[in-house]
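Below are the sequence and a predicted model; questions follow.
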Amino acid sequence: MSPEPNVDIKIFSKPLKNEGSSVLMGFPGSGLVGSIALSYMVEQMEFDQIGSMNSKYFPPLAMMTKGVINVPVRFYERDLITAIVADIPIHPMICYEVANGIMDWLMPFKPKEVVTIAGIITNEPEKRVFGVATTDDALPRIKDATQILPIGSISGIASSILTECKIRNIAAFGLLGETINAPDPRASAATIDVLNKMYSLEIDTKPLLDQAEEIESAMHKLAEQVQTAEGMPKKDQLPMYG
């Protein structure tokens, strides 16, 4: 495997096995909804890790599981689903570069659709999942599984990915799990339920709900580590975001 020739964003990955994959992305944000959901999915369904992404603008943070270092942004694949899972937040000033780097790498594989998973803070207990799409024609794909947002805005890396997909005429969806401003496995489980409907995955979310307290504690520690990591290098020495 060799990196893509990009100075700012480097992707080290095997090529996707199939054209026309559905690409699911989860980056840390409100409630860490996307990160928790896709990490759980790739573990439960035993996805193969095919690559990773790195950048000089990422915070100097390496994740570790059972003594083994893991790159903070990883690429996985199983059948016709590709998953991009991140453990680090993306600063607003580099969202454009990250979104473009990912989409430039994906374009030769002609992705069928892209789904970004994030959180939306409401401080309500329902754990609803709100949905947005890049076109009117795409909305029916998620209409029965989510509550369509009538008006508003989306920020962060999810917005950059959705905007880039719209520009490139790729069908894309945003799944926004209703959450509080804290790690929220229950909101993640709600978004997995939507993925189950969209892709007939049959992922059992009961273990995720049963372990919610343990996961919440672990994610709180992760959030603290990210927040206390050293400031991002250069690009005007901007502070961490997340």
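Everything's here; your move. Residues are numbered from 1 along each chain as shown.

and the most centrally placed residue in the chain, what are its bridge partners?
Centre of the chain computed as the mean C-alpha position; nearest residue by CA atoms, centre = their mean is residue 26, 1.0 Å away. Residue 26 has these beta-bridge partners by DSSP bridges: residue 85, residue 117.

For it, give me its contacts.
Applying CB atoms under 8 Å, 6 or more residues apart in numbering to residue 26 gives the contacts 33-39, 83-86, 116-118. The way it works is simple: take the backbone N, C-alpha and C, and place the C-beta from them, glycine included.

so which of those would you say is closest to residue 103?
Proximity of the contacts of residue 26 to residue 103 (CB to CB) peaks at residue 84, which lies at 11.0 Å.

and the closest one, how many residues sit next to it?
Neighbours of residue 84 under the rule other CB atoms under 10 Å: 25.

any idea how far the helix ranked longest in the chain is from the chain center?
Determined from DSSP state H, the single longest helix within the chain is helix 212-228. Distance, stretch centre to chain centre, for helix 212-228: 17 Å (CA atoms, centre = their mean, to the nearest Å).

same question, stretch 203-213
In terms of CA atoms, centre = their mean, the centre of stretch 203-213 is found 19 Å from the chain centre.

Just the residues contacting it, thanks.
Residues external to stretch 203-213 that are found in contact with it (CB under 8 Å, 6+ apart): 36, 40-41, 44-45, 185-186, 188-189, 192-193, 195-196, 215.

One more: stretch 68-85?
The contact list for stretch 68-85, computed with CB under 8 Å, 6+ apart, reads 11, 13, 16-18, 20-26, 35, 38-39, 41-42, 45-54, 58, 61-64, 86-88, 102, 106, 111-112, 199.

quick one: low-confidence parts of this protein?
For the chain, applying pLDDT under 70 flags the ranges 1-7, 215-216, 219, 229-242.
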